[in-house]
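S.K.: Next one to model:
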Amino acid sequence: MIQRISPITTALPELIQLEELIDQGRQHLRINVPLHITLGEHKLPFYVLEMGSTEPLAPTLALIGGVHGVERIGTQVILSFLKSLLTRLEWDPVATDMLSQMRLMLIPIVNPGGMWANSRSNPQGIDLMRNAPVEADERPPFLVGGQRISRHLPWFRGRRGESMASESQALVDSIRTTLMSQRHCISLDCHSGFGYKDRIWFPWAKSVEPFPGVADAYALTRLFERTYPNHSVYLFEPQAHSYTTHGDLWDFLYEEYRQAQPEGLYLPLTLEMGSWLWVKKNPGHLFRYHSLFNPILPHRHQRILRRHFTLFEFLMSAVRSMPVWSPEGELPRLTAKQEALERWYPGRLTSRG
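M.R.: Residues are numbered from 1 along each chain as shown. Got it, this is the predicted structure:
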């Protein structure tokens, strides 16, 4: 059993739930804690969990949450899915067979200190999703795109020349260890707080230019739309259609992956849950900072916890079958790329593959 510190129960119930799930599913989980975040007398663990195949080249799906501490719903959705999956493993041979063919990696709480404090940033005031050594190609929106003026302002990137924050580094190192040697991998980073519709973003956050993996992102998008034609809750698009930023961790990790695995296929995706709709339906959200990013009514909270199971299960199947649906060969890739450009970057059609 994991030893728990009682004050965490009220300040960080997600950590208590995570550790209860670790106790419940220990026989299925490989557990690593590469970092502890010190807050006063408390040391908050940075958990990295793996399930499924231990084969070195097993296709891998990574689910990440809690990068921004105030966006608790991302962590809660992952924990809800993990609880369901562990229960299925007790009785469902289909779930057991599925995991035997792929690796599932979970980092549910990247920023435990920020979540403890109900803050977007980490305890040092750094916005972890603006913290990578990546500069935007164009001038991003003031402040929102990342700033180095002060840790007391939002979207602080960290001081120039400093290493990444320990939480950012732990996430990067964990992804490197698990994904950089794989030929087929997908990650999904769960956030909330932008727009009226749930979005599935793919890079580049740094540029309005087409994402180098746009043909594969388009193939995955069409695969989802054809498989679930009545599940129209998501808007698939490049992140830069909404805004560009400096320092995006997934831009950074994708570039590293391309260098390490030039023949591999990695799609770093972001689920951005549209919390503006929650605010519109219940203006009471406006009076509490926390509720701008999280559903507060019990029925809506329960609906969000189950809403994304279809997406998670789809991605588990999609990562296992990447060679089947990803465009292979010069002509299929060119066709997929041109259709992607027509959809997301009209006016930028190119004959280059």
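
S.K.: okay but Leu44 is in contact with Pro112, surely?
M.R.: Yes - at 3.8 Å, Leu44 counts as touching Pro112 under the criterion of Cβ atoms under 8 Å. Yep, even glycine has a C-beta here, placed from its N, CA and C like the rest.

S.K.: Show me the longest helix that occurs in the protein.
M.R.: Scanning the chain for the longest helix, with DSSP state H as the assignment, gives helix 72-89.

S.K.: Can you point out the buried residues in it?
M.R.: The neighbour-count check on helix 72-89 (16 or more other Cβ atoms under 10 Å) flags 72-86, 89 as buried.

S.K.: what do you get for stretch 107-125?
M.R.: Buried positions in stretch 107-125, judged by neighbour count with 16+ other Cβ under 10 Å: 107-117, 119-123, 125.

S.K.: ok, which stretches of the stretch 101-250 of the chain are strands?
M.R.: 103-107, 184-192, 198-202, 234-238 (DSSP state E, counting those that start in this stretch).

S.K.: and what of the stretch 251-353 of the chain?
M.R.: Using DSSP E, counting those that start in this stretch, strands in the stretch 251-353 of the chain cover 265-273.

S.K.: residue boundaries of the helices in it?
M.R.: In order along the chain, the stretch 251-353 of the chain carries the following helices (DSSP state H, counting those that start in this stretch): 276-281, 298-307, 309-320, 322-325, 330-344.

S.K.: And the ones you listed: which comes nearest Ser174?
M.R.: With respect to Ser174, and counting by Cβ to Cβ, the nearest of those is helix 309-320 at 17.1 Å.

S.K.: That closest one vs strand 234-238, what angle?
M.R.: Going by axes from the mean of the first three to the mean of the last three Cα atoms, to 10 degrees, helix 309-320 is angled at 50 degrees with respect to strand 234-238.

S.K.: name the helices or strands packed onto helix 309-320?
M.R.: Counting contacts by 3 or more Cβ pairs under 8 Å, 6 or more residues apart in numbering; DSSP states H and E, helix 309-320 is packed against strand 60-65, helix 72-89, helix 93-100, strand 184-192, helix 214-227.

S.K.: other SSEs contacting the last one?
M.R.: Taking 3+ Cβ pairs under 8 Å, 6+ apart as the contact definition, the neighbouring helices and strands of helix 214-227 are strand 198-202, strand 234-238, strand 265-273, helix 309-320, helix 322-325, helix 330-344.

S.K.: Which positions in that helix come out as buried?
M.R.: By neighbour count with 16+ other Cβ under 10 Å, helix 214-227 contains the buried residues Val214, Ala215, Asp216, Ala217, Tyr218, Ala219, Leu220, Thr221, Arg222, Leu223, Phe224.

S.K.: Need these in TSV (columns: distance to Arg159).
M.R.: Shown next, in TSV, are these (distance: Cβ to Cβ, whole Å):
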residue	distance to Arg159
Val214	34
Ala215	38
Asp216	36
Ala217	34
Tyr218	38
Ala219	40
Leu220	37
Thr221	38
Arg222	43
Leu223	42
Phe224	40
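
S.K.: ok, back up a step: any shared contact partners between Leu44 and Pro112?
M.R.: Common contacts of Leu44 and Pro112 (Cβ atoms under 8 Å, 6 or more residues apart in numbering): Leu12, Leu15, Ile37.

S.K.: How about the contacts made by the first one?
M.R.: Think Leu12. Here Leu12 is in contact with Leu44, Pro112, Met115, Trp116 (Cβ under 8 Å, 6+ apart).

S.K.: same thing with His152?
M.R.: Residues near His152 by Cβ under 8 Å, 6+ apart: Gly125.

S.K.: Quick check: it vs Gln124, distance?
M.R.: Distance, His152 to Gln124, by Cβ to Cβ, to the nearest Å: 11 Å.

S.K.: and what of Ser100?
M.R.: For Ser100, the distance to Gln124 equals 41 Å [Cβ to Cβ].

S.K.: Then Arg303?
M.R.: Arg303 is 35 Å from Gln124, where distance means Cβ to Cβ.

S.K.: try Pro332
M.R.: Taking Cβ to Cβ, one finds Pro332 at 47 Å from Gln124.

S.K.: again with Asn111
M.R.: Asn111 is 11 Å from Gln124, by Cβ to Cβ.

S.K.: re earlier: ok, so of the buried residues of helix 214-227, who is nearest Tyr266?
M.R.: When these are ranked by distance to Tyr266 (Cβ to Cβ), Asp216 comes first, at 8.8 Å.
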